[in-house]
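Colleague: Take a look and give me a structure for this.
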Amino acid sequence: MASPVVVGATIIAALYFGREIFIPIAIALLLSFVLTPLVNRLRRLRLPRLVAVGVSVGLTLGIVAALATLIGIQAADLAGDVPRYRATIERKINGLRDSPVGHATEYVANIGRALHGGAKEVNNPEGQPPAPPTPPPTPPGPEQPQAAPKPVLVEVAASPPGPIEMLSTVLSPVMHPLATVGIVFVVLLFVLMQREDLRDRMIRLAGSSDLHRTTVAIDDAAKRLSRYFVVQLALNAAFGIVIGIGLYVIGVPNPVLWAIFAALMRFVPYLGAVLSALLPMALAAAVDPGWNMMIAVAILFVVLEPLTGQVFEPIVYGQSTGLSPFAVLVSALFWTWLWGPVGLLLSTPLTVCLVVLGRYVERLEFLDVLFGDRPALTPVQNFYQRVLAGDAEEVLGHAELILQQCSLSSYYDDVVLKALELAAQDAARGVLTARQKAAMRAALAELIADLSDRSDAVAAASGDGEEGACSALPMGPTPEALSEDWTRAGAVLCVAGRGFLDEAAAAILAQILEKRGLGVRTIPFAETASARIGRFDPGTARMVCVVSLALDGEPTHLRRLIRRLKGRLPGVPILLGLWLAQDDGASRLAGGPGGAAEADGQVGSLREAVEAVLAQADATGAAGTGAAPDGAPDPERGAPRLPASADA
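Modeller: This is a model prediction of the structure:
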């Protein structure tokens, strides 16, 4: 099997050497995306496909012919006025010579001439003038030779060209563009007529094992591309019309020509707007004896182009093309090198097609990763990469970005803790150094401290936010509904396991519970070790939450920790929060001797832990008022029932 590099090089070589064929095909395919909505609308009017396609292609051909005629007439008119424009430009140049700028330029030129003269003096240090050339010696002899005869001028008159030669001379410059246009419309007719058959073949190439998924992907990609190209064409045409009207009002000659030119150049990324403004500005400078017209043209483009690109484009079809700025620049350079100026015009549409294809075809996913504007990493991966580098500022910036779309608790649950699970897995594999662990702990501590004063208002999930970054956690009872026993400091003890990230996980749980109105206290693992458990002061704790990511070390240490806590806090319910990305550690803990049955309940996420603590507080308050809800006090233990353990 050929390597991807060889395959890619072969494809690029074929596109380069076969550009005379591939350029018309590419233009036809892009036009098919533009005309497909029109063909479908005509089909809904009960017109046969042949008639619908013929009307659409005929209308397009008529528009192209009309634009070409307008361009030809305007260009001929502009060429006839070139001598007059040249005289105006010469007068302006002479005026610049008499201005301070011209004097400065002349001064620089004099310095250059002086330096050049000094170089000549160096080569001729004595300053002697060059000797005149010596005439050739006269041959000896008494008789002088006769003067040579004068040459006779011979004039060759060419015969007037015949009708065939004249026709060939006139048509030869336009034969190649006409042939290209003919190929484009022949291919366009074929693509529109055989659209369903081509779609089926694409499905077969993309993968026929899952017809439903492939069909939906191909249809969705076609609709997206059609919508994008139609909107872009309409927006660029509107831009050209407004530019033409503005130039007509300003008084620039041939405004129709520059309107068409501006509309076409908007397909070119970055350089298109600049190039479309340069030629009208130069013409304005050649027409107007002063500079007011050129300044007015510059103001027109400077105002209209940012307004179109930064205001109307995002409103009409979202954040532009779906390409990253890097992809737009690279694609412009690549297609210009490959196909010249035509490639520059087609660079953005062709790259959009490739990116959309990469989103739906698994083998071409690298195109979407390289050139798409979607984040290359998920929010969880992004956070882990930043915290692994120990960059607290980057971590906080990432948090601020996501917190614009969701609540603090959902950010912790869906992003931070999942990233900590990835870190715990890497630590269990031994790939994290002690320095990296210390940097992660410091960055997490700074993040939690910075977010401590942020409210936990639940934000509505937004489709514009980062995927997986928004899911509301339960609010539970209001702080006013909680009994005083649960609101005093230390009512809930958040005890960390011995993993290097367990203390941060316990601090996160404590912060969220505190924002729900509960009194909390974070306990490091060292305070509950075997040597210090006797001196541990639990205070007036109503509940204990043991939090661990469980992969950093043998999970059996949690069973021993729970036994010590039960001995020190008899009758107080203990909840085990075991937050794992995989279930193997939880299964080992639950399946061992005693397992998670040592605890009164076990949860696997921050969400479940908050739900369990709030339910416990709510049930205790209800029991105090004589109610008997689900989760009422257990008659044997006198404490509400917690979520069942994994082995229950």
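Colleague: Check which residues of the lengthiest helix in the chain are buried.
Modeller: Identified as the longest helix of the chain according to DSSP state H is helix 211-250. Across helix 211-250, burial judged by 16 or more other Cβ atoms under 10 Å covers 214-215, 217-218, 221-222, 224-226, 228-230, 232-233, 235-236, 239-240, 242-244, 246-247, 250. Placement of C-beta: from N, CA and C, glycine included.
Colleague: Dump the helix or strand just after it to CSV, keeping only the CA atoms.
Modeller: Next helix or strand after helix 211-250 toward the C-terminus (DSSP states H and E): helix 255-265. Taking C-alpha atoms only, helix 255-265 is exported to CSV below (Å, rounded to 0.1, in the frame of the first residue of the first chain):
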residue,chain,number,x,y,z
PRO,A,255,-18.3,52.4,-12.3
VAL,A,256,-19.9,49.2,-13.7
LEU,A,257,-16.5,47.8,-14.5
TRP,A,258,-15.2,48.4,-11.0
ALA,A,259,-18.4,47.1,-9.4
ILE,A,260,-18.0,43.7,-11.2
PHE,A,261,-14.3,43.7,-10.3
ALA,A,262,-15.0,44.4,-6.6
ALA,A,263,-17.6,41.7,-6.4
LEU,A,264,-15.2,39.1,-8.0
MET,A,265,-12.2,40.2,-5.8
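Colleague: Quick one: distance of helix 255-265 to the chain centre.
Modeller: Offset of helix 255-265 from its chain centre (Cα atoms, centre = their mean, to the nearest Å): 29 Å.
Colleague: just use 228 as the starting number from now, easier for me
Modeller: Taking 228 as the first residue, the last one we looked at is helix 482-492.
Colleague: Show me what that helix is packed up against.
Modeller: Packing partners of helix 482-492 (3 or more Cβ pairs under 8 Å, 6 or more residues apart in numbering; DSSP states H and E): helix 276-307, helix 438-477, helix 498-514.
Colleague: Considering helices and strands only, name the one in the chain with the lowest mean pLDDT.
Modeller: Across the helices and strands of the chain, mean pLDDT, DSSP states H and E gives its lowest value to helix 811-818, namely a mean of 44.
Colleague: May I have the residues that are in contact with the closest residue to Val555 other than its chain neighbours?
Modeller: What sits nearest to Val555 in space, not counting adjacent residues and going by Cβ to Cβ, 6 or more residues apart in numbering, is Pro496, at 4.5 Å. Neighbouring residues of Pro496 by Cβ atoms under 8 Å, 6 or more residues apart in numbering: Val555, Leu556, Ser558, Ala559, Ser574, Thr575.
Colleague: Quick check: Gln829 is in a strand.
Modeller: Yes. Assessed by DSSP: H, G, I helix; E, B strand; the rest coil, Gln829 belongs to a strand.
Colleague: Pull out the buried members of the contacts of Pro496.
Modeller: For the contacts of Pro496, buried by 16+ other Cβ under 10 Å: Val555, Ser558, Ala559, Ser574, Thr575.
Colleague: Among these, name the ones in strands.
Modeller: Within the buried ones among the contacts of Pro496, no residue falls in strands by DSSP state E.
Colleague: With pLDDT as extra columns, can I get those residues in a markdown table?
Modeller: Compiled in a markdown table, the buried ones among the contacts of Pro496 are given as follows (pLDDT from 0 to 100):
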| residue | pLDDT |
| --- | --- |
| Val555 | 78 |
| Ser558 | 84 |
| Ala559 | 83 |
| Ser574 | 83 |
| Thr575 | 80 |
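Colleague: which SS class is Arg748?
Modeller: Assigned with three-state DSSP, Arg748 falls in the strand class.
Colleague: from the contacts of Pro496, which two are the most distant?
Modeller: Longest distance between any two of the contacts of Pro496 is 10.6 Å, between Leu556 and Thr575; criterion Cβ to Cβ.
Colleague: What count of nearby residues applies to Glu620?
Modeller: Residues lying near Glu620 (other Cβ atoms under 10 Å) number 10.
Colleague: of the contacts of Pro496, closest to Thr315?
Modeller: For those, the nearest to Thr315 is Ala559 (34.9 Å; Cβ to Cβ).
Colleague: quick one: that closest one and Val495 touch, right?
Modeller: Yes. Assessed by Cβ atoms under 8 Å, Ala559 is found in contact with Val495 at 7.2 Å.
Colleague: between these two, what contacts are shared?
Modeller: Common contact partners of Ala559 and Val495 (Cβ under 8 Å, 6+ apart): Leu571, Ser574, Thr575.
Colleague: Which of those residues fall in helices?
Modeller: Under the assignment DSSP H, the shared contacts of Ala559 and Val495 contribute Leu571, Ser574, Thr575 to helices.
Colleague: so where do the strands sit in the stretch 528-677 of the chain?
Modeller: Counting by DSSP state E, counting those that start in this stretch, one finds no strands in the stretch 528-677 of the chain.
Colleague: Roughly how far does the most centrally placed residue in the chain sit from Ala554?
Modeller: For the chain, the residue nearest the mean C-alpha position is Asp600 (1.8 Å; Cα atoms, centre = their mean). Distance of Asp600 to Ala554, computed by Cβ to Cβ, to the nearest Å: 8 Å.
Colleague: same deal with Gly285?
Modeller: For Gly285, the distance to Ala554 equals 36 Å [Cβ to Cβ].
Colleague: same deal with Val642?
Modeller: Val642 is 27 Å from Ala554, where distance means Cβ to Cβ.
Colleague: out of the helices and strands packed on helix 482-492, which comes closest to Leu841?
Modeller: Comparing these by their distance to Leu841 (Cβ to Cβ), the top pick is helix 438-477, with 40.7 Å.
Colleague: Now do the closest one: which elements does it pack against?
Modeller: Packed next to helix 438-477, using 3+ Cβ pairs under 8 Å, 6+ apart, are helix 246-271, helix 422-433, helix 482-492, helix 498-514, helix 519-534, helix 540-544, helix 568-587.
Colleague: Please name whichever of the helices and strands packed on helix 482-492 is nearest to Ile789.
Modeller: Of all these, helix 438-477 comes closest under Cβ to Cβ, at 46.6 Å.
Colleague: Quick one: residues contacting Asn609.
Modeller: Applying Cβ under 8 Å, 6+ apart to Asn609 gives the contacts Pro602, His625.
Colleague: any low-confidence regions in the stretch 328-477 of the chain?
Modeller: 328-401, 433-441, 444 (pLDDT under 70).
Colleague: what separates the closest residue in space to Asp308 that isn't next to it in sequence from Leu502, distance-wise?
Modeller: Setting aside the residues directly before and after it, Asp308 is nearest to Pro480 in space (Cβ to Cβ, 6+ apart), at 6.9 Å. Going from Pro480 to Leu502 by Cβ to Cβ gives 19 Å.
Colleague: do the same with Thr442
Modeller: Counting by Cβ to Cβ, the gap from Thr442 to Leu502 is 42 Å.
Colleague: again with His403
Modeller: Distance of His403 to Leu502, given as Cβ to Cβ: 23 Å.
Colleague: Which one's more surrounded, the two?
Modeller: Leu502 (14 against 10).
Colleague: Tell me who's in contact with the residue nearest to that one when sequence neighbours are not counted.
Modeller: Closest residue to Leu502 apart from its sequence neighbours, by Cβ to Cβ, 6+ apart: Met492 at 5.4 Å. By Cβ under 8 Å, 6+ apart, the contact list for Met492 reads Gly499, Ala500, Leu502, Ser503.
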